[in-house]
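Colleague: can you look at this prediction? I've put the sequence above it.
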Amino acid sequence: MRQLSVLLLVVLAGCTKPNVPVYSTVPDFTLTERSNRMITRKDLDGKIWVADFIFTHCGGICPAMSANMENLQARLPKEVMLVSFTVDPQNDTPAVLTEYAKRYHADPERWLFLTGNIDAIQKLSIEGFKLGMDTTFGTEIEPITHSSRFVLVDREGRIRGYYGMDDADTLDRIVADASRL
């Protein structure tokens, strides 16, 4: 009987979902969505969301990142939000972001495109999300250096995962980790 109990505990332990770590908390922000409405971090409270940092005239990684976000939009439950922050707010106005969002069939109810003051966005990227960003160094193809990582955020605004574009199973891992939250 004791062996059966131990075996049952071992089997049950193997069936539990591993915890998704907590890295830090996204600080408060107020930015403008492509619809011209103001969005704050508090507007995302109670929601699971995936964030990325892109810009619309990027000749490098951004189109692939946005295509992956489009894929996530199809794969994740409707209650999971997607949030793309522009790293080039001088050029990425709400009107430009609206056109860009159309290219990726972004559902305006669940995929936000945010712009605002460059200093606020740079601070949010570096200090808030712990992702690199530099507007003074880049290449002709990608004049703004920024992270190509996706970030999973839980209902309490806590960062729960970082996912690189180079990983073949990135989207699968994001979907699996979001389902654990």
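Modeller: Looks like it arrived, so ask away. Since this is a predicted model, take the numbers as computed values, not measurements. Numbering: from 1, shown residues only.
Colleague: do a quick rundown of the helices in this protein.
Modeller: Assigned by DSSP state H, the helices in the chain fall at 2-15, 62-75, 94-103, 118-123, 170-180.
Colleague: what's the angle from the second one to helix 94-103?
Modeller: Read it as helix 62-75. Angle, helix 62-75 to helix 94-103, by axes from the mean of the first three to the mean of the last three Cα atoms, to 10 degrees: 60 degrees.
Colleague: packing partners for helix 62-75?
Modeller: strand 49-54, strand 81-86, strand 150-153, helix 170-180 (3 or more Cβ pairs under 8 Å, 6 or more residues apart in numbering; DSSP states H and E). Any C-beta I mention is one placed from the backbone N, CA and C, and that applies to glycine too.
Colleague: need those in a markdown table with distance to residue 160 and mean neighbour count, can you?
Modeller: Putting these into a markdown table (distance: least, Cβ to Cβ, whole Å; neighbours: other Cβ atoms under 10 Å) gives the following:
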| stretch | distance to residue 160 | mean neighbour count |
| --- | --- | --- |
| strand 49-54 | 10 | 25 |
| strand 81-86 | 14 | 24 |
| strand 150-153 | 5 | 24 |
| helix 170-180 | 7 | 17 |
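Colleague: now this protein, which segments are flagged as low pLDDT?
Modeller: By pLDDT under 70, the weakly predicted segments of the chain are 1-18, 132-147.
Colleague: let me have the helices of the chain in a markdown table, extended by distance to residue 88.
Modeller: Converted to a markdown table, those look like this (distance: least, Cβ to Cβ, whole Å):
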| stretch | distance to residue 88 |
| --- | --- |
| helix 2-15 | 46 |
| helix 62-75 | 10 |
| helix 94-103 | 9 |
| helix 118-123 | 8 |
| helix 170-180 | 24 |
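Colleague: residue 48 is nearest to which of these?
Modeller: helix 170-180 (5.6 Å; Cβ to Cβ).
Colleague: can you put the helices and strands packed on helix 62-75 in TSV and add distance to residue 37?
Modeller: Compiled in TSV, the helices and strands packed on helix 62-75 are given as follows (distance: least, Cβ to Cβ, whole Å):
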stretch	distance to residue 37
strand 49-54	17
strand 81-86	14
strand 150-153	20
helix 170-180	25
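Colleague: before I go, just wanted to say thanks for your time.
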